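predicted coordinates and the sequence they were generated for:
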Number of protein chains: 2
Amino acid sequence: MKIGLLQLNPIVCDFEGNARGIVQACMEASGKGADICVTPEMAVIGYPARDLLLREDILEKCMQSVHRIARETSGMAPLLLGSPWRFPDQQEQVYNSACLVHKGHVIKIFSKVLLPEYDVFDEKRYFCAAEAPGVFEFQGKVIGVSICEDAWNDEEFWNRPGGGVDPMQELARQGAEIIVNMSASPFGIGKHRIRQAMMSSLAVKYGVFFLFCNQVGGFDDLVFPGRSTVFGPEGDIISRGRQFEKDVLVVDISSPAKRDIPEHDYDVPAEAWQALVLGTRDYVRKSGFSRVLLGLSGGMDSALTAAVAADALGPENVTGVLMPSPHSSAGSIDDSMKLAECLGINTCILPISSLMQGFDKALEDVFAGMQPDVTEENIQSRIRGNLLMAMSNKWGDMLLNTGNKSELAVGYCTIYGDMAGSLAVLADVPKTLVYDIARWLNTRRGQVIPEVIINKVPSAELRPGQKDRDSLPEYDILDKILRLYVERGASVEDICARGFEAGMVHKVIGLVNKSEFKRYQAPPGIKITEAAFGPGRRMPLASRCFIKG
Amino acid sequence: MKIGLLQLNPIVCDFEGNARGIVQACMEASGKGADICVTPEMAVIGYPARDLLLREDILEKCMQSVHRIARETSGMAPLLLGSPWRFPDQQEQVYNSACLVHKGHVIKIFSKVLLPEYDVFDEKRYFCAAEAPGVFEFQGKVIGVSICEDAWNDEEFWNRPGGGVDPMQELARQGAEIIVNMSASPFGIGKHRIRQAMMSSLAVKYGVFFLFCNQVGGFDDLVFPGRSTVFGPEGDIISRGRQFEKDVLVVDISSPAKRDIPEHDYDVPAEAWQALVLGTRDYVRKSGFSRVLLGLSGGMDSALTAAVAADALGPENVTGVLMPSPHSSAGSIDDSMKLAECLGINTCILPISSLMQGFDKALEDVFAGMQPDVTEENIQSRIRGNLLMAMSNKWGDMLLNTGNKSELAVGYCTIYGDMAGSLAVLADVPKTLVYDIARWLNTRRGQVIPEVIINKVPSAELRPGQKDRDSLPEYDILDKILRLYVERGASVEDICARGFEAGMVHKVIGLVNKSEFKRYQAPPGIKITEAAFGPGRRMPLASRCFIKG
């Protein structure tokens, strides 16, 4: 039996385009001899559609789309199609379903049993849980249908109590010989290892072929890596789809000789880079833009952001804006121009000294007798934000934000200033990883980012002689503390017990807690770690956290 | 039996202060003869604590706080205390619980059965659901314990299938004669009617005393109205706590003669006003600020925001900043000064003409040959945002945002410009309600807001002669369309079928859909309707909604 896995990249709510993509992929798979095809989870609408799923009209469109795709694929192989579903007699209950369509009809519905309700996932907000997964017979084989999370509750693999329901076990009990898993499983650095080990162990445990069909593409803050994979009953990988690209994978499981398995690059900087490029490309294009601009400071973050953008959209569609102030080093211009040349992107220069003087003058009376402080640094940053947004408005280019995760964590950034932008490309990239990616990129492709930028001491250049390390711990220390506190939820005591100096730990955590209000208004970022700021982290604002800043 | 309802206003994560407040209120109730006391839901930490509830260290603090309060109230009446809870043998499972503490010990735990998972609520993210609610005997009576949502699933009252579990029915089955409902039930315009009718019907249905003990105060985007209420078995109101204020309510249910029941003002503008004042006061103070500033344009929105702030914090703690441009009418200054005089707030004037010229000049080359458009309007708005934030930074005053819900809905606002601020006071107040509240205020208190401001034609004054109605439908029409689309989830077809002109409906809905990216970065607003923008509305950004803008 040949099974086609349609690794698709839908646009949320683009019913026309998504249906077209599914039908075309189904046709391609049928052309390659597929006897049956499978889409990722929620393929008709794209994942996550979030609160659009609460709208009656949108649910109606999903149902119509399923029927339409059924009609349009009526001459092709049967298709397991991901969509929200409501049964005629229970209109209030919406399921996250797999619709088996064949010969123009919807012939069976399978629904998701385990609805994730953690991190970025809110599925209990939208869906009812099915009581059990189901199987169907096809060409003499029993095929079990699972949807994403359904595969992630194996007591043995996770070595924890599963809390009652294990859809995999239930599918095995129903006699499944092949288990498909229709997924929208987001990218995270290193997550493939766990995913692959888990799926392989399930294939072995139940002696089944396990077919993981994953969505691909950028969806706001999330990137889906594709990497659809077919495991044999020994747990071996029989076939695998492309990473970070659309693919149609047709696998003959009745003669499962291993075929060409595309190499995936699992190095941390390599997979982070690819996720950032895809996340940026899709966010920009799915928002209806083709060109972007960004501020170039001569520093590491704007350099890497520019490199990502150039790769994602083509250098001709990227403009770097240089906005020197009297506090800018000579390098801020020279190094930025050198970078732009390496990348082949456009540039323009807008000095801001006279605007700074204008603000000083406008505020002269109300600030009389008060000393310069962080206020003046923020004014500078917001002048740049205003200029960048003006160019974005006038030219119709999207403004990319260049801030990294470490500075966003401690609030070392200016709201409405360097925090402006429609997408924060590096918002989930700790500063130390920013460097790692840049170095990896230069190793791979020659000097994409000038070494002088990689080697300079980080500075916001908002006052004379300023360096990041005057206000913050060195980044290798800072990132370790942040990882423990923000990503792992460690307590102050735990962190100190690992040997970090207590005063520094208190300072860092105080900064994190007191900058929640800034992050509330931050642009969406591209999630690449296990815990990003954004929709998957929901913090109160007017609270009194146990550590003061 | 005398029962004390402790209508408290905690600060999220202020374990010290919250514990002190609980102990003091318990002492006060004991002093008034209470035999047993009840707190609102989650009283030790405050509701909602959001993702702080995922932290091990915070859960530990909650447990410690329960034990501490138990010790400190050991000489007082027993107390039903709201807190997260973990049982020693199941550390992974956290419940939303009521801890019965007496004589220094935690003697019984009751946990919430129904966990809300809609609108602003994410309780399944944090808590396990209890299988059933429980009762205990006290002074010869059976008291049933329910927590907030547990009371909101009566099939008869809602005339819908309850989906299996009805904790009220179960408490009645267990013989409850008194049912307490420990709540954190947020304010919404008109919601009291449903809440009161429902609770009254439950008291009658089960022939019980029903005691609703609600949290009070502002918690980021949510306001809790208090209004704790005691219903007799006939469904009559025996006693009621204050609205929008802390209160300790002690009710003798063994001789339930009606006592003084404080009047509550349920007029729409009256209750909206009180919610805005409390929401603003608590957000500012719980964030550690005492003073605010805001831009005064001479228009209705900034006038009402200033009035709310003056009431919330005292006029001496409010500064109105006038920032006239060449497009500002004479009225923008005169009317704002008149308003400031009426309210007794501080003012300062910072003209922005020369800054506008500065930006024009800075952008001269890059904008060469391009016509003025909305870009220049946005620059103006962002100059004002920069000046306001500079004063906020320098003085340590919080910047209040003055935008209303109607303009936020259609994106008639400038990101990083007039969308700047730490709290958007009117973000959930449709423009027509802004007027209603202003008129109500003037009727109640004399001319708080000058009539000239109420009567002028709305204008952003960002270009010569500009009026809102040149770009948007009249606000009474706009607000009706927005209510149907945003709050009720009606489809385009439904809205047109109600007689609104199709072209206008398409235009408005297109504007709503294409401004999701602005709202993603908007400040928190105070929720007063059934569907606010903010944490309770989660929309995808790079999507293709079925109507284009």
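Alright, I've got the coordinates.

who touches A:Leu114 in this structure?
By C-beta atoms under 8 Å, 6 or more residues apart in numbering or on different chains, A:Leu114 lies in contact with A:129, A:149-150, A:152-153, A:165, A:167. All C-beta spots, glycine's among them, are computed from the backbone N, C-alpha and C.

nearest to B:Lys527, of those residues?
Nearest to B:Lys527, judged by C-beta to C-beta, of the contacts of A:Leu114 is A:Ala129 at 28.6 Å.

neighbours around the closest one, how many?
Other residues near A:Ala129 come to 16 when the count uses other C-beta atoms under 10 Å in any protein chain shown.

and it, how far is that from chain B?
11 Å (C-beta to the nearest C-beta, to the nearest Å).

A:Pro40 belongs to a strand?
No - read with DSSP: H, G, I helix; E, B strand; the rest coil, A:Pro40 is coil and lies in no strand.

residues in contact with the nearest residue to it once chain neighbours are set aside?
Spatially, and ignoring its direct neighbours in sequence, A:Pro40 is nearest to A:Gln215 (3.8 Å; C-beta to C-beta, 6 or more residues apart in numbering or on different chains). Counting by C-beta under 8 Å, 6+ apart, A:Gln215 makes contact with A:7-10, A:40-43, A:46-47, A:183-185, A:224, A:226.

repeat that with 6 Å
When contacts are counted by C-beta atoms under 6 Å, 6 or more residues apart in numbering or on different chains, A:Gln215 touches A:40, A:47, A:184, A:224.

what do you get for A:Gly217?
Applying C-beta under 6 Å, 6+ apart, the residues near A:Gly217 are A:9, A:224, A:282.

mind listing the helices for the stretch 1-150 of chain A?
Secondary structure of the stretch 1-150 of chain A (DSSP state H, counting those that start in this stretch): helices located at A:15-31, A:56-72, A:123-126.

is chain B contacted by the shortest one?
Okay, so that is helix A:123-126. Yes - judged by C-beta under 6 Å from any C-beta of the partner chain, helix A:123-126 comes into contact with chain B at A:124-125.

just to revisit the earlier point, any chance of the helices of the stretch 1-150 of chain A in JSON lines, with mean neighbour count and mean pLDDT too?
Formatted as JSON lines, the helices of the stretch 1-150 of chain A follow (neighbours: other C-beta atoms under 10 Å in any protein chain shown; pLDDT from 0 to 100):
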{"stretch": "helix A:15-31", "mean neighbour count": "19", "mean pLDDT": "97"}
{"stretch": "helix A:56-72", "mean neighbour count": "18", "mean pLDDT": "97"}
{"stretch": "helix A:123-126", "mean neighbour count": "20", "mean pLDDT": "98"}
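
please report phi then psi for A:Gly534.
Backbone torsions of A:Gly534, given as degrees, to the nearest 10, read phi 120, psi -150.

how about the residues of the stretch 1-150 of chain A by chain B?
Counting by C-beta under 6 Å from any C-beta, the residues of the stretch 1-150 of chain A lying close to chain B are A:11-14, A:50-51, A:55, A:57, A:117, A:124-125.

quick check: the farthest pair among those?
Spatial extent of the residues of the stretch 1-150 of chain A next to chain B (C-beta to C-beta) is set by the pair A:Asp14 and A:Glu117 at 26.8 Å.

circling back: between the residues of the stretch 1-150 of chain A next to chain B, which is nearest A:Lys405?
The nearest member of those to A:Lys405, counting by C-beta to C-beta, is A:Arg50 at 23.0 Å.

now do the same contact list for the closest one.
Taking C-beta under 6 Å, 6+ apart, one finds B:538-540 in contact with A:Arg50.

so which of the residues you listed wins on neighbours?
Greatest neighbour count in the contacts of A:Arg50, by other C-beta under 10 Å, goes to B:Pro540: 23 neighbours.

pull the contacting residues for the nearest residue to that one once chain neighbours are set aside.
Setting aside the residues directly before and after it, B:Pro540 is nearest to A:Val12 in space (C-beta to C-beta, 6+ apart), at 4.6 Å. Counting by C-beta under 6 Å, 6+ apart, A:Val12 touches A:46, A:49, B:540, B:543.

okay, those in a markdown table with distance to B:Leu294 next?
Formatted as a markdown table, the contacts of A:Val12 follow (distance: C-beta to C-beta, whole Å):
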| residue | distance to B:Leu294 |
| --- | --- |
| A:Gly46 | 40 |
| A:Ala49 | 37 |
| B:Pro540 | 32 |
| B:Ser543 | 34 |
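
and A:Ser254, how far from B:Ser97?
Using C-beta to C-beta, to the nearest Å, A:Ser254 is found at 55 Å from B:Ser97.

more crowded one of these two?
Under the criterion of other C-beta under 10 Å, the comparison of A:Ser254 against B:Ser97 puts B:Ser97 first, with 28 against 11.

the more buried one contacts B:Lys108, doesn't it?
No - applying C-beta atoms under 6 Å, one finds B:Ser97 not in contact with B:Lys108, separated by 10.0 Å.

tell me the domain ranges of chain A?
Following automatic domain parsing, one finds the domains of chain A at A:2-262, A:271-468.

what's the end-to-end length of the longest one?
Put plainly, it is domain A:2-262. 19 Å (C-alpha to C-alpha, to the nearest Å).

next one: the shortest one
With C-alpha to C-alpha as the measure, the first residue of domain A:271-468 is 28 Å from its last.

report whether that domain contacts chain B.
Yes - interface with chain B: domain A:271-468 contributes A:283, A:286-287, A:348, A:350, A:355, A:358, A:362-363, A:366-367, A:375, A:378-379, A:382, A:385-386, A:390, A:393-394, A:416, A:420, A:422 (C-beta under 6 Å from any C-beta).

any of those residues buried? List them.
Among the residues of domain A:271-468 next to chain B, those buried by neighbour count (16 or more other C-beta atoms under 10 Å in any protein chain shown) are A:283, A:286-287, A:350, A:355, A:358, A:362-363, A:366-367, A:375, A:378-379, A:382, A:385-386, A:390, A:393-394, A:416, A:420, A:422.

please name the nearest non-neighbouring residue to A:Gly411.
In space, and not counting its chain neighbours, A:Gly411 is closest to A:Ser515: 2.8 Å by C-beta to C-beta, 6+ apart.

A:Arg537 too?
Spatial nearest neighbour of A:Arg537, chain neighbours left out: B:Asp51 (5.9 Å); criterion: C-beta to C-beta, 6+ apart.

give me the phi and psi angles of A:Lys456.
Torsion angles, degrees, to the nearest 10, at A:Lys456: phi -80, psi 160.

can I get the contacts of A:Gly217 in a markdown table with pLDDT?
Converted to a markdown table, these look like this (pLDDT from 0 to 100):
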| residue | pLDDT |
| --- | --- |
| A:Asn9 | 98 |
| A:Phe224 | 98 |
| A:Asp282 | 98 |
